[in-house]
Structures are given as C-alpha cells and as structure tokens.
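Peer 1: Structure for this input, please:
(2 chains)
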Amino acid sequence: DTAVSQTPKYLVTQMGNDKSIKCEQNLGHDTMYWYKQDSKKFLKIMFSYNNKELIINETVPNRFSPKSPDKAHLNLHINSLELGDSAVYFCASSQEAGLLAGQYFGPGTRLTVT
Amino acid sequence: SQQGEEDPQALSIQEGENATMNCSYKTSINNLQWYRQNSGRGLVHLILIRSNEREKHSGRLRVTLDTSKKSSSLLITASRAADTASYFCATDGGNNRLAFGKGNQVVVIP
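Peer 2: So this is what the prediction gives:
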C-alpha cells in the first residue's frame, strides 16, 4: 500500500510547455505539501494545504498553481516551464498542520526541462 | 528564516561503526526532526524531538537536542550498508512549515 503516491515519476519536457504533477495520499491526513529539491539536494517548501485550503504559499512564481480537489489529493500545475524549473518535486502529507508527528513523502517527480 | 545546517556533509564509515552528524539552527523551535533519503527516493521520517526534550532513542538511532546551543546530533550505532543515505534535519519554528538543512551524505562500506 503506497501511502503518498505521485505521478509521473519522470517528466521531460520543453521550455514553454505546461505540465501537471499529481499527488495522492491514502493516510487520511489533513495537510499536504509540495517541496522542490534542487540539484544540491536542498529541499524547500512551495505550498501547503490543510483540508483543501491553502495555508502556505512561499515565494513561488505564479506559473506554479496547486490545486486540491479533496484533502487526499494535491496537484501541481506548472505553466510556461523554464530551465530553472528542473528539479525533483516532492509531495508530502502530515496528520495536522502543527507538524507534531512528522511528514510522509512521496517518491518524487524528477522534472527535466530542455 | 531558520534553516537547519548539517555538519559534516559527507561521511564514509565501515559497517559496524557509529555515524554521528550534527545540525545547527538559528531561531527558537517547537521540535526538530530527522529524515533519511535513499538515492532516488522520497524522504522518510526517522525521529522527532521536542524542544523540551534533550535526548531520544529509536532503535539504533539516538538524537540529542541542545536548545541553548541551537544544535542537534543524530547518532546511528552499529551502522549497516542499508544506512547509506542522505540525512536531513528539519526544524519546526511554529509557522506550519519545516525548514530543512542541506543534508549529510553517509556511505557505509560493507
């Protein structure tokens, strides 16, 4: 049973394209996150949703738009992709926004923009 | 914003040895967490230590927290080849987000 799943695992696309990454968690958690991990493995939060409501929106270009159709899903849509968007994107979830019990991460989506 | 910083960044040890890595942070925290990331995988939560705790154990893991020095250490005892991974500390500063450090690469040689 996969706790946090993401699709696709790999995504290669050209500059200027629009792409989406999907995330689902079957843990019954209330809070979901999107992180970006760069080539030096630095992990930075992008967005967080709690019960379908946006609670964290870091300084991310508005080309990135998260969507949470229900509390088990948090998708990430990226418009007009740029070379600098190449990274590994991780979805995560936690029981509550209070971060008292750790986060569960998906396997990651490696995005390569050419 | 606060950010955990692990030290050292790369560690190579023989199987059976202990591995210790440190993390420092800059502001007050509610808790500090350690995560492991195997190559090509997502992060896995290892252990959480609250700001009012000084030491915590979980299996072969031992975490210490010194809030006066704003630092934490993760000790892996009797290391195994399967412990080869990157280890990240992350701090919860009470703003609903974790701030991750840069990560320590640990290689355990069989």
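
Peer 1: Show me what the lowest-mean-pLDDT helix or strand in chain A is packed against.
Peer 2: Scoring the helices and strands of chain A by mean pLDDT, DSSP states H and E places strand A:53-57 at the bottom, with a mean of 84. Under the contact definition 3 or more Cβ pairs under 8 Å, 6 or more residues apart in numbering or on different chains; DSSP states H and E, strand A:53-57 sits against strand A:43-50, strand A:64-70. (Each C-beta comes from the backbone N, C-alpha and C, glycine too.)

Peer 1: As a markdown table, those strands with mean neighbour count would be great.
Peer 2: Below are the helices and strands packed on strand A:53-57 laid out as a markdown table (neighbours: other Cβ atoms under 10 Å in any protein chain shown):
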| stretch | mean neighbour count |
| --- | --- |
| strand A:43-50 | 21 |
| strand A:64-70 | 15 |
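
Peer 1: Residue B:87 bridge partners, please.
Peer 2: Under DSSP bridges, the beta-bridge partners of residue B:87 are residue B:36, residue B:104.

Peer 1: per-residue confidence at it?
Peer 2: Note on residue B:87: pLDDT of 95.

Peer 1: right, and it touches residue B:34 too?
Peer 2: Yes. At 6.4 Å, residue B:87 and residue B:34 qualify as touching, with contact defined as Cβ atoms under 8 Å.

Peer 1: follow-up on the earlier one: could I get the helices and strands packed on strand A:53-57 as TSV with distance to residue A:15 and mean pLDDT?
Peer 2: Putting those into TSV (distance: least, Cβ to Cβ, whole Å; pLDDT from 0 to 100) gives the following:
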stretch	distance to residue A:15	mean pLDDT
strand A:43-50	20	91
strand A:64-70	15	93
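
Peer 1: Could you name the stretch from these that's closest to residue B:57?
Peer 2: With Cβ to Cβ as the measure, strand A:43-50 is the member of those nearest residue B:57 (25.5 Å).

Peer 1: other SSEs contacting the closest one?
Peer 2: strand A:31-37, strand A:53-57, strand A:64-70, strand A:73-78, strand B:98-100.

Peer 1: mind running it again at 6 Å?
Peer 2: Applying 3 or more Cβ pairs under 6 Å, 6 or more residues apart in numbering or on different chains; DSSP states H and E, we find strand A:43-50 packed against strand A:31-37, strand A:53-57.

Peer 1: for the ones you listed, which one ends up most surrounded?
Peer 2: Greatest average neighbour count among the helices and strands packed on strand A:43-50 goes to strand A:31-37 (a mean of 24), per mean count of other Cβ atoms under 10 Å in any protein chain shown.

Peer 1: what's it in contact with?
Peer 2: A:43-50, A:74, A:76, A:87-94, A:97 (Cβ atoms under 6 Å, 6 or more residues apart in numbering or on different chains).
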